[in-house]
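Undergrad: output the structure for:
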Amino acid sequence: MSSTITKIDPESAEFKTELEKTIKFTDKVCSQFGFVYNPDLEINQGIQFGLTRNKLMHGKRFCPCFFITGNKEEDRICPCKPALEHEIPEDGVCHCQIFCTPEFAAAQTKTEELQAVTHNHSRGLSTEECEFLLQKKDIDTDELASLFEARSLGMVNFKVVDVREWMEWKSGRIAGVDVLVPTSNFFQTLTESALSMDEHIIVYCHVGSRSAHCQRILTDMGYKKVSNLMGGIVTYHGEVLRG
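TA: Residues are numbered from 1 along each chain as shown. Have a look, this model is predicted:
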């Protein structure tokens with residue numbers, strides 16, 4: 001593991017104490033604005049962990065789904081102004097997906113029930129289908145699972161890159177991931193990863209926000225084939241490694 005990665009132990013007394021404060025804070029936000037939590041408990045926990053991490057690292061509960069630039073005009077502190085003024089009123093959910101309107105939460109629960117019914121694989125992918133999927137800007141959890149199966153059979157080659165933090169990696173990572181390139185040390189660890197600009201790359205994070213940002217950066221840098229896992233690891237139904 002790279003020496004440039006900042007490591008915060010989620011099992012430490014300091015982290016657990018601060019996490020309790022963060023949970024009380026997000027509870028208060030819901031109560032104050034009439035929001036509800038996302039029906040997916042893993043999303044809420046992941047964001048609460050991220051807010052706690054940022055509080056310990058940077059002194060404020062910066063939104064964990066965005067880079068922290070040091071620019072007060074750009075950096076988002078939870079609950080951020082764009083979420084309160086635009087995202088939740090217009091979309092029913094904030095960018096990080098922890099705070100929702102009751103209507104969005106109810107619809108999300110129904111959508112997840114339908115996806116469980118409709119996303120059933122009847123056969124494996126052909127090589128042509130694999131290559132087609134890897135040309136997509138966004139792929140979903142079922143498509144990634146099928147691509148992993150095809151890769152295990154030698155039908156296709158690609159690299160999966162986790163852009164979350166070391167703490168999140170230790171808590172749980174997608175089985176088959178190839179490299180960790182945290183957003184907090186993105187350019188340093190990207191150089192150390194030695195990824196080829198010509199190979200297929202799939203990036204993922206907790207809910208797909210940070211990885212979408214990293215996808216844009218990689219594309220601007222000249223990486224030719226970069227896909228983002230929509231919904232991040234919280235939507236992934238395959239094997240997850242811990243520890």
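
Undergrad: does Ala145 count as helix, strand or coil?
TA: Following DSSP: H, G, I helix; E, B strand; the rest coil, Ala145 is assigned to helix.

Undergrad: pLDDT wise, what is it at?
TA: pLDDT for Ala145: 88.

Undergrad: count of neighbours near it?
TA: 18 (other C-beta atoms under 10 Å). For glycine as for every other residue, the C-beta is placed from the backbone atoms N, C-alpha and C.

Undergrad: pretty sure it contacts Glu239?
TA: No: with contacts counted by C-beta atoms under 8 Å, Ala145 stays clear of Glu239, the gap being 9.2 Å.

Undergrad: please enumerate the shared neighbours of these two.
TA: When C-beta atoms under 8 Å, 6 or more residues apart in numbering defines a contact, no residue borders Ala145 and Glu239 alike.

Undergrad: strands of this structure, residue ranges please.
TA: In the chain, the strands defined using DSSP state E lie at 36-37, 99-100, 138-139, 159-162, 173-174, 179-180, 201-204, 226-229, 240-241.

Undergrad: lowest average pLDDT across those?
TA: strand 138-139 (a mean of 90).

Undergrad: in its sheet, what does that one sit against?
TA: Note on strand 138-139: by DSSP bridges, its sheet partners are strand 226-229 (parallel).

Undergrad: so how far is the strand it pairs with from its chain's centroid?
TA: 11 Å (C-alpha atoms, centre = their mean, to the nearest Å).

Undergrad: check stretch 201-217 too.
TA: 7 Å.

Undergrad: what comes up buried for it?
TA: Neighbour-count burial for stretch 201-217, with 16 or more other C-beta atoms under 10 Å as criterion, is recorded at 201-215, 217.

Undergrad: buried set for the longest helix along the chain?
TA: Ordering each helix of the chain by length in residues (DSSP state H) puts helix 13-33 first. Neighbour-count burial for helix 13-33 flags Phe15, Glu18, Leu19, Thr22, Phe25, Thr26, Val29 (criterion: 16+ other C-beta under 10 Å).
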